[in-house]
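Colleague: Sequence first, then the predicted structure, then my questions.
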Amino acid sequence: MTHLVGGPAATPAYAPGLWRPVLRRLRADRGALAAAVLLLAIVALCLAAPLYAARIAQTDPFRSNISGQITVNGAARAVIEDNAEGLGLGQTPIGPTGAASYLLGADSQGRDVAARLLYGGRASLLIATVATLLCMGLGGALGVVAGYFGGVVDAVLSRLLDVLWAFPVYLLAISLSIVAVGSGLHLGPLVIDSGNPLLPAFIIGLVGVPYVARPVRAQVQALRRSDFVLAAIGIGVPTPRILLVDVLPNVSSTLLVLVPLLMAINMLTESALSFLSIGVQAPAASWGTIIQDGLALLYTRPLVALAPGLAIMLTVLSLNLLGEALRDALDPRLAGRRS
Amino acid sequence: MPSFFQARPLAALTLALVCAAAQAASPAANDPHRGGTLRLLAGSGAGTIDPQVNYTLQFANLFQSVYDGLLAFKKAPGTAAFTIVPDLAEAIPQPENGGKRYVFKLRSGIQFSNGRPLTAEDVAASFRRIFKVSSPTSGTFYNRIVGAPACIKTPATCTLAGGVVADVKAGTVTFNLLEADSEFFDKIAFPHASILPADTPAKDVGVAPVPGTGPYQIASYDPKKLLKLTRNPHFRLWSADAQPDGYADVIDYSFGLSDEDQTTAIANGQADWKFDPVPADRLPEVSQKYPQQLHISPLTAMYYIAMNTRLAPFDNPKVRQAVNLAIDRNALVKIYGGSRLATPTCQVLPPGIAGHEPYCPWTKNPGKTWTAPDLERARQLVKASGTAGMKVLVNSNDVAVEKQIGIYLQSVLKDLGYDATVKAISSNIQFNYIQNTQNQVQISVTTWFQDYPAPADFLNVLFSCASFRAGSDSSINISGLCDQGLEADLQRALATGITDPKAAAAQWAAIDRKVTDVAPVAVMFNPKRLDFVSKRLGNYTFGAQFYFIYALAWVK
Amino acid sequence: MIRPLVARLAQMLFVMAGISVITFAIFFATPGSDPSARIAGRNATPETLAAVRLSFGLDQPLPVQYGLLMQRLFITQDLTSFMNRGEKVVPQIVAATPVTLSLVAGAALLWVAGAGLFGVLAALRPGRALDRGLMLLGLVGVSMPVYWLGAVVNLVTQSRFHDSWLFSWVPPLGYIAFADDPWGWFKVLVLPSFTLAVFYIGLYSRVLRSALIEANQQDYIRTARAKGLSERRVLLAHALRTSLVSVVTLFGLDFGALVGGGALLTEVVFGLPGIGKLTYDALQALDLPVIMATVMYASFFVVAANALVDMLYAFIDPRVRDA
């Protein structure tokens, strides 16, 4: 993907204090409300994962239970049942039980899929959030610096961004992940273990930097030429103050709109990396790893692959809807398109 | 072969009867099943098609009907395939000079697929070439030939002078060994000792086919798409046991499909046999719908957990015993596909290898077979070792079965009280990665399939000090065990094997028990081979040495 | 005109060189990347290992290895794989290209048609039920992981409903070349193209719609309306043309990225031996020559597409030309 859904926002200059009409517009948008409720519900469910696993399902979603037994409707059944048909080869994990335990059935290690789904949501959301924050911070900073200072600084940073931008996204992510999964990350005093979920977050964040830096840079360049900034420079306001007071607030609306959209992209990227086995590592769960587990069971227990995919879709959908609504709320001219 | 049968009718009839009795061996020229195209599948090509360099099961299976050695493993079903029969040589020679000299008499009239007649010079050149191309086994299998040490040191100038002496006029090749070797014939029958034309380039041929003497020749090879075998026009049957003629006229070995798609292709009749295993979620389906197209055969192989005896916590024997006691081998068998496809085991030697005597100390009621895990005793051992709470990283590869085993093992280690994590790395690099001590791998999941049916191929290769090389990607003694007492036992058994195989078998059994007790590894199960073939495929023959004997299968 | 062109070209080369160096560095930083032991075979002696390393040239210092790699890839074009000895890399890329091109072209046709239809329909009456419905559908399309969608498609067409009249025409996974069987080639590509197109239909229909609406509100459109032109004529004749510019440039960037191997996940899920799958397999196998070749191939298309798009913009919008 080379751009975000719907394109970059327009850039009127807002002084702080005009957020109330934005919130008002957001509240009036029914689609946005529905999306927000859905997102909150998903987040709440995922945060409640330990509660669900301990109290309701009473299973340990990270402990292999291949030879385990459970009682369903009074009958004892094996969690992974041997196949008795024909030559009697292979075995199949138990399907959806409809009971509190193993609600959606078991995976090939005999673990409760529903519990793993919730824990997986935690991991996916956490990684996407951290990656987005990283993206925003680094990308925003680079964009501001490159756009404001211009000249050599801009040239160097732009070339770096070009290389990062042109590097086929998945290749970069895959290559970095293969190395990192092998030996972890060592950046001076900062050491991230190869099993740590922050590692894929770091990589996804890094890969997403150009998505943020480029539009921010373009906007800051325009701002730099605007009357009020030139005036501020003219009267000798120190640069840090200009950046803080004049540039950042205007850039913040762009960044804000990018947050949910970038979250959505990062969630998809994380799931793809986990699907390729270079994101979250076993036995930890993320929606991508559960899909991967599910693909090995696709012919016998398709629900294991379907459920996390649906979860991703609903989450990303609500994030996209929110992002659209936010953009429309921030720019009333754009909002005019809606009605 | 036509002229032979017409000229001597009685002999022909007897031969035909004998052949028929030996389970439909080599097809006659007018056999109705002769002809057609056999379609084989695999996920990818297995690397180079140089028979002296390639060291994979997949292509060893391929080479059996393309190349010949002086001796061969009999193309017969099951463990009859472990018998060594004369191939390019007329007979198996008697050992001379205390087993240090063998004289092979070459059969006459054999030609390579390019028309060149086979001579003793080709044999000598082929053995020199083993060293020149740095064959994987040049230093381990063929290092006892006179002149070999010099060849290993400087392969480019390898002459093997005095080691392999060819007499072209007499048609003999004489082997002189530095010391007697009870496995010499196995090594001569091994694909790395295939006889190739003397003018074959002295470097890994990669994708360029080399002419051979077998009933098929490699017509083309694209490792990503297809390997095509056609009939060798210059092949004449000389021994149905060693090298039978083939039924199919053309063999298309296609690459690129995933194991799921391969299974679908066979089920739909679009292919005849596949190398890769049937994925776990298709087993119930094929078991139910196509039971007649499934063949299960035992293998002399093992899936095992290698524990680094030089790294904590596995330097403590109590911990290694605990792992052996804690793993539920039934669960592991389930992961592989069920009790019909694998058998739990505690010991190193698999059934079918000389010296195998059932022995299992790592179970609830120690004795001959494994019954159940003993988690209680395992936990006690871990507590006694004082290593509980340590960080342990399990290393497995990303092949479905081994990946699941890795995840399960991590769970077991956690139950035992360790801070355990698991990492699955690409199967392309994992095998060498876990061998290199620089990578500090504590515990790993891996497999071992025999080279040839000798107990030394398991016990000596995997546990002798010579197989351990610090800091090298090639250090097959992954557990790093080096015990001088064991070394002496190994040498003694090897020496005894030269003169008294029965006594040697008893010695190997004792070594097997000793190694199992020391527990540098935790052997999980002996897998069986499941072949899913198409409906039209007939006369499926599985030889325990090279597996599916495709030459003997017909499609018409 | 020449100077900016040359400058642009130089920039492209710089970026590609940078990418090649980073790829090279990442490869050598990866533990277990030394192919010698893999090639040398199991239980190889140290001498064997050393001999194999020598034959790969892995004993040379890194910059020399890099130089040799680049030379063999671009100049003499006889670069061979680490995994399959003797197998040339460039012919692999050449063989994989038509597969990716077929897939991407098919998907592009589908998504241009689909997005065009949806976008125009939605923009005709903004805010109404059709608009909202189509946009929601588009959003759903954008929110699905493509490999998951592919897996679901496979589940339905290959497994569950394969025997039904609806999907019995679906061929087994894999690729059939056009030269071998044109009808088979088409059948093989239908579902993968559709799967790949879903995401882009969702994306482009929204982009087109908002671009159309924005253009609709521009002053000169209001003028055209005031002059009495019909709504449809206004939309198709004026608004569409200006909004097409941004859509076309976006299309160029996306198409470029996909041709270079961006459809990696789709190819893997459907078993199509295109550039994406080649790249993925090479990364799994840590086959540096093939990795380098595919990364160069992919980045070339991305960089070229970017350059073309920028030049197109400069051509169309005089304001940008001076920037």
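Modeller: Great, that's in hand.
Colleague: all strands of the stretch 1-150 of chain A, in order?
Modeller: A:69-72, A:75-78, A:80-82, A:91-93 (DSSP state E, counting those that start in this stretch).
Colleague: Next one: the last one, is it in contact with chain B?
Modeller: Read that as strand A:91-93. Yes - under the criterion of Cβ under 8 Å from any Cβ of the partner chain, chain B is reached by strand A:91-93 at A:91-92. C-beta: built from backbone N, CA, C; applies to glycine.
Colleague: Neighbours of the closest residue to A:Ser67 other than its chain neighbours, how many?
Modeller: Nearest residue to A:Ser67, sequence neighbours excluded (Cβ to Cβ, 6 or more residues apart in numbering or on different chains): B:Ala331, at 4.7 Å. If you count neighbours by other Cβ atoms under 10 Å in any protein chain shown, B:Ala331 ends up with 24.
Colleague: Looks like B:Ala331 contacts A:Ala78 (just checking).
Modeller: No - the pair B:Ala331 and A:Ala78 does not pass the contact test of Cβ atoms under 8 Å, sitting 11.1 Å apart.
Colleague: what touches both of the two?
Modeller: A:Ser67 (Cβ atoms under 8 Å, 6 or more residues apart in numbering or on different chains).
Colleague: pretty sure B:Ser534 is in a strand, no?
Modeller: No - counting by DSSP: H, G, I helix; E, B strand; the rest coil, B:Ser534 falls outside a strand, being coil.
Colleague: residues contacting it?
Modeller: With the criterion set at Cβ under 8 Å, 6+ apart, B:Ser534 makes contact with B:266, B:269, B:271-273, B:293, B:555.
Colleague: mind checking pLDDT for the residue of the stretch 401-550 of chain B found nearest chain C?
Modeller: Going by Cβ to the nearest Cβ, chain C is nearest to B:Asp473 of the stretch 401-550 of chain B, at 3.1 Å. On pLDDT, B:Asp473 comes in at 83.
Colleague: again with the one 5 residues further on
Modeller: Reading off the per-residue confidence, B:Ile478 sits at a pLDDT of 95.
Colleague: and it, how many neighbours?
Modeller: Residues within reach of B:Ile478, counting by other Cβ under 10 Å, total 27.
Colleague: nearest residue to it other than its sequence neighbours?
Modeller: In space, B:Ile478 is closest to B:Ala306, 4.0 Å off (Cβ to Cβ, 6+ apart).
Colleague: One more: C:Gln60?
Modeller: Nearest to C:Gln60 is C:Leu68, by Cβ to Cβ, 6+ apart, at 7.3 Å.
Colleague: mind checking pLDDT for residue 50?
Modeller: Reading this off chain A. We have a pLDDT of 92 for A:Pro50.
Colleague: Sorry, I should have been clearer: chain C.
Modeller: So C:Ala50 comes in at 83 (pLDDT).
Colleague: Can you report how many residues lie near it?
Modeller: 15.
Colleague: Any buried residues in stretch B:165-182, and which?
Modeller: For stretch B:165-182, the neighbour count (16 or more other Cβ atoms under 10 Å in any protein chain shown) marks B:165-166, B:171-177, B:180-182 as buried.
Colleague: all helices for chain A, in order.
Modeller: Along chain A, the stretches classed as helices by DSSP state H are A:19-28, A:30-47, A:49-51, A:113-134, A:140-149, A:151-166, A:169-183, A:198-224, A:227-234, A:239-242, A:248-275, A:287-295, A:303-330, A:332-335.
Colleague: Kindly reformat those as TSV containing mean neighbour count.
Modeller: Shown next, in TSV, are those (neighbours: other Cβ atoms under 10 Å in any protein chain shown):
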stretch	mean neighbour count
helix A:19-28	13
helix A:30-47	16
helix A:49-51	15
helix A:113-134	24
helix A:140-149	21
helix A:151-166	16
helix A:169-183	23
helix A:198-224	23
helix A:227-234	12
helix A:239-242	12
helix A:248-275	23
helix A:287-295	27
helix A:303-330	23
helix A:332-335	14
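Colleague: possible to save those as CSV with distance to B:Gln491?
Modeller: As requested, the helices of chain A are exported to CSV (distance: least, Cβ to Cβ, whole Å):
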stretch, distance to B:Gln491
helix A:19-28, 82
helix A:30-47, 61
helix A:49-51, 58
helix A:113-134, 52
helix A:140-149, 66
helix A:151-166, 59
helix A:169-183, 39
helix A:198-224, 48
helix A:227-234, 85
helix A:239-242, 78
helix A:248-275, 50
helix A:287-295, 48
helix A:303-330, 53
helix A:332-335, 84
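Colleague: Which single residue in chain B comes nearest to chain C?
Modeller: Nearest residue of chain B to chain C: B:Gly206, at 1.9 Å (Cβ to the nearest Cβ).
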